[in-house]
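**Student:** Mind folding the following:
(one chain, ligands or ions: 3)
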Amino acid sequence: MALIVQKYGGTSVATIERIKAVADRVIATRAQGHQVIVVVSAMSGETDRLLKLAKEITDLPDPRELDVILTTGEQVTIGLLSIVLQNRHCPARSYTGFQVKILTDEAYNKARILSIDDHRIRADLSQDRVVVVAGFQGVDAEGNITTLGRGGSDTTAVALAAALKADECQIYTDVDGVYTTDPRIVPEARRLDRICFEEMLEMASLGSKVLQIRSVEFASKYNVPLRVLSSFTEGQGTLIAPEDNRMEQALISGIAFNRDEAKLTLLGVPDKPGLAYQILALIADANIEIDMIIQNVGADGHTDFTFTVHRNEFKKALGILQQQAPSLGVQEVRGDDRIAKISVVGVGMRSHAGIASTLFKALAAEGINIQMISTSEIKISVVVDEKYLELGVRTLHSAFHLEQATA
Ligand code: ADP
Ligand code: ASP
Ligand code: MG
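**Tutor:** Ligands and ions are numbered 1, 2, ... in the order given. Have a look, this model is predicted:
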């Protein structure tokens, strides 16, 4: 007998019919003799609908009240699934994050899980019940309701699997695994049988929204066997697991992309110590996170400085820089929020040269100009004009032959 955590995302619980299909799978898993904890998301579109309602009142709703609103989506699906299971004579009981209790820090809208009280869940499992837990939510030490950020139900599932030492955490979604890139952009994308934690972490943090990044961090830290599968079809899905040195590594495992960033450039920055610090401190003081940074070689006592921020924070960052430019001696501030970042990821890159030149050659052949570059041991990211995003991803997918399986 194994303990299995199954998480079903929004499209997998979008209608009563889909919820019945989830119940079928849960019951089949139990019939194999396993104990099951189910984590569900809100019905597809519900979180967006709730967010929109709050934003009809104000652009910046109070974060605490926003979490009170957003958590209702998941509360509906846990109740619905539990009723469906009970109607099929499968004992089931639902819990909100608060009831479990999934303790988080107090960072509304992006809270982190600190601990999970497992005693009610264990008691239910020992009484042969299916436990249905609301994803994406928790409660802080003061009893305030919190949410874990978009896509947070993945993290609820992995955290529960870690806390209860489950044998596997299965993430059921609308694709049958993790692909070489988003199959919605590249139809030739190929499902990976296996991807290592490190690569999945990069893919998630560079924009592949198939798993929330924190869920991968948790799985890697606590060694939770994690699998992404389709709730619509049968199959093995993709196993996310520690790096396997026995296998011949593909050079590149996948391509991630992100159109949520914007670029800020300062021209004619005095080339003297402390300037980069002064500029970035202005941004950090406004609680804006910075992603890529480039500084050019100085000439005539001046240099140029470019960095990227989340597109939501673009206007705020631009305003701050424009206001402060004269006092910093900066000649001009430019902004561009029509950019996209494309990243190739693979642990095989560690031991192979030439990946960057293949990448640059392929983009050049399509006339795609590279605006920024950043590299790490297992990834290369480039910023390009947003209009080239899809062409760029497709071009690189074929340049690295990702549609072909490696031996
Ligand atoms: P859920 O609602 O089940 O959590 P998500 O929409 O969050 O589902 O995640 C699944 C989606 O992730 C897929 O429909 C797909 O478009 C997208 N996606 C992005 N990158 C990848 C990738 N590399 N492999 C698979 N899916 C990806
Ligand atoms: N319902 C939340 C969202 O849409 C959490 C999740 O589905 O993982 O982001
Ligand atoms: Mg998701």
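
**Student:** And whatever residue of the stretch 301-407 of the chain ends up closest to ligand 1, how far from Glu202?
**Tutor:** Evaluated by CB to the nearest ligand atom, the stretch 301-407 of the chain has Val345 as its residue closest to ligand 1, separated by 9.8 Å. In this view, the C-beta of every residue, glycine as well, is placed from N, C-alpha and C. From Val345 across to Glu202, the span is 5 Å (CB to CB, to the nearest Å).

**Student:** Can you pull the residues of the chain lying near ligand 1?
**Tutor:** 9-12, 41, 151, 173-175, 178-179, 181-182, 184, 208-210, 254 (CB under 6 Å from any ligand atom).

**Student:** In the stretch 51-200 of the chain, where is pLDDT below threshold?
**Tutor:** Counting by pLDDT under 70, not a single residue of the stretch 51-200 of the chain qualifies.

**Student:** re the thing from before, find the residues that touch each one of Val345 and Glu202.
**Tutor:** Taking CB atoms under 8 Å, 6 or more residues apart in numbering as the contact rule, Val345 and Glu202 both touch Ala256, Ile378, Lys379.

**Student:** Take these and write them to a markdown table, including secondary structure, distance to Thr306 and pLDDT.
**Tutor:** Below are the shared contacts of Val345 and Glu202 laid out as a markdown table (DSSP: H, G, I helix; E, B strand; the rest coil; distance: CB to CB, whole Å; pLDDT from 0 to 100):
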| residue | secondary structure | distance to Thr306 | pLDDT |
| --- | --- | --- | --- |
| Ala256 | strand | 21 | 98 |
| Ile378 | coil | 24 | 94 |
| Lys379 | strand | 19 | 96 |
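
**Student:** Looking at the residues you listed, which is nearest Gly367?
**Tutor:** Ala256 (22.6 Å; CB to CB).

**Student:** residue contacts, the closest one?
**Tutor:** By CB under 8 Å, 6+ apart, the contact list for Ala256 reads Thr181, Glu202, Met203, Ala204, Leu206, Gly207, Ser208, Ile342, Ser343, Val345.

**Student:** how close does the second one get to His397?
**Tutor:** Distance from Glu202 to His397, counting by CB to CB: 16 Å.

**Student:** swap in the first one?
**Tutor:** When distances are taken as CB to CB, Thr181 and His397 turn out to be 6 Å apart.

**Student:** and the nearest residue to Glu217 once chain neighbours are set aside, how many neighbours does it have?
**Tutor:** Nearest non-adjacent residue to Glu217, counting by CB to CB, 6 or more residues apart in numbering: Leu201, 6.7 Å away. Around Leu201 there are 20 other residues, counting by other CB atoms under 10 Å.

**Student:** and if you look at Ala134?
**Tutor:** Count around Ala134 with other CB under 10 Å applied: 29.

**Student:** Identify the residue nearest it in space, chain neighbours excluded?
**Tutor:** Residue nearest to Ala134 in three dimensions, not counting chain neighbours: Glu74, with 3.7 Å by CB to CB, 6+ apart.

**Student:** ok so that neighbour is a strand residue?
**Tutor:** No: looking at Glu74 with DSSP: H, G, I helix; E, B strand; the rest coil, it is helix, so not inside a strand.

**Student:** Please, where are all the helices along the chain?
**Tutor:** Counting by DSSP state H, one finds helices in the chain at the ranges 16-31, 46-57, 63-70, 72-87, 97-100, 119-126, 153-163, 197-205, 213-221, 275-285, 314-328, 355-365, 389-399.

**Student:** right, so those helices: which one is the most enclosed?
**Tutor:** Among the helices of the chain, ranked by average contacts under mean count of other CB atoms under 10 Å, first place goes to helix 153-163 (a mean of 28).

**Student:** That one vs ligand 3: in contact?
**Tutor:** No: on the criterion CB under 5 Å from the ion, helix 153-163 is out of touch with ligand 3, staying 5.8 Å away.

**Student:** do you know how far the residue nearest to Ile116 when sequence neighbours are not counted is from ligand 2?
**Tutor:** In this structure, Ile116 finds its nearest non-sequential neighbour in Ala163, 4.1 Å apart by CB to CB, 6+ apart. When distance is defined by CB to the nearest ligand atom, to the nearest Å, Ala163 is 18 Å away from ligand 2.

**Student:** Please apply the same query to Arg259.
**Tutor:** Relative to ligand 2, and taking CB to the nearest ligand atom, Arg259 is found at 18 Å.

**Student:** swap in Asn109?
**Tutor:** Counting by CB to the nearest ligand atom - Asn109 and ligand 2 are separated by 11 Å.

**Student:** and that residue, what is it in contact with?
**Tutor:** Asn109 makes contact with Pro63, Leu66, Asp67, Thr146, Thr147, Gly149, according to CB under 8 Å, 6+ apart.

**Student:** ok, and what's touching stretch 376-386?
**Tutor:** Here stretch 376-386 makes contact (CB under 8 Å, 6+ apart) with 198-199, 202, 206, 259, 261, 263, 292, 308, 338-347, 349-350, 355-356, 359, 363, 368-375, 392.

**Student:** Give the buried residues for it.
**Tutor:** Buried positions in stretch 376-386, judged by neighbour count with 16 or more other CB atoms under 10 Å: Ile378, Lys379, Ile380, Ser381, Val382, Val383, Val384, Glu386.

**Student:** Name the residues contacting each of Thr181 and His397.
**Tutor:** Common contacts of Thr181 and His397 (CB under 8 Å, 6+ apart): Ala189, Ile255.

**Student:** what separates the residue in the chain sticking out farthest from the centre from ligand 2, distance-wise?
**Tutor:** Relative to the C-alpha centroid of the chain, counting by CA atoms, centre = their mean, Asp300 is the outermost residue, at 43.2 Å. With distances taken as CB to the nearest ligand atom, Asp300 is found 49 Å from ligand 2.
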